[in-house]
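K.L.:
Got a predicted structure here, sequence first:
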Amino acid sequence: MGHQEIGRSRGGLTTKLHVAVDALGNPLRIILSAGQIADIEQAAALIQDQAAGFVVADKGYDSDAFVNTITMQGGQAVIPPRSNRLNPRTFDRHIYKSRNLIERFFSRIKQFRRIATRYDKLAKSFLSLVHLACTIVWLA
């Protein structure tokens, strides 16, 4: 089993891209949501039906329900606890260093100016272009 990193990026003022990447930084699943939607609401859908030894995410994904979902799928959550947690969980800081894979993925697809500036008015058109950029990332 490998591991996954999940993260999000704002694609313009009204949308967010939620992405899961594998241990090599290649995209596995992409979800486009409204900009005001919390990151944790898309988290379970990102990892659904994907086996991973580790799921690495930032503090925005720190939720007991999400950690339980990861555990039930046979993985380990590598998510730092939020500062306001009463009982902070421990996490593997060494594995957490690989979270830069998701940041590097977003940097790669934002080299496409239409993605970085969100030229497309329709979400369907924008998501199609993101899928095309992901195909190029997979091939490179």
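P.N.:
Received, thanks. Numbers count the residues shown, from 1 in each chain.
K.L.:
Now do the strands in this protein.
P.N.:
3-10, 15-21, 27-34, 54-56, 76-78 (DSSP state E).
K.L.:
In TSV: those strands, plus distance to Arg114 and mean neighbour count.
P.N.:
For glycine as for every other residue, the C-beta is placed from the backbone atoms N, C-alpha and C. Shown next, in TSV, are the strands of the chain (distance: least, Cβ to Cβ, whole Å; neighbours: other Cβ atoms under 10 Å):
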stretch	distance to Arg114	mean neighbour count
strand 3-10	14	22
strand 15-21	13	22
strand 27-34	14	17
strand 54-56	29	24
strand 76-78	33	20
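K.L.:
Show me the one of those that comes nearest Arg104.
P.N.:
Closest to Arg104 of the strands of the chain is strand 15-21 (Cβ to Cβ; 8.9 Å).
K.L.:
Could you tell me the angle between that closest one and strand 27-34?
P.N.:
160 degrees (axes from the mean of the first three to the mean of the last three Cα atoms, to 10 degrees).
K.L.:
packing partners for strand 15-21?
P.N.:
Packing partners of strand 15-21 (3 or more Cβ pairs under 8 Å, 6 or more residues apart in numbering; DSSP states H and E): strand 3-10, strand 27-34, helix 40-47, helix 100-109, helix 123-139.
K.L.:
export these to a markdown table and tack on mean pLDDT and distance to Phe91?
P.N.:
Shown next, in a markdown table, are the helices and strands packed on strand 15-21 (pLDDT from 0 to 100; distance: least, Cβ to Cβ, whole Å):
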| stretch | mean pLDDT | distance to Phe91 |
| --- | --- | --- |
| strand 3-10 | 60 | 13 |
| strand 27-34 | 90 | 21 |
| helix 40-47 | 90 | 16 |
| helix 100-109 | 92 | 16 |
| helix 123-139 | 91 | 27 |
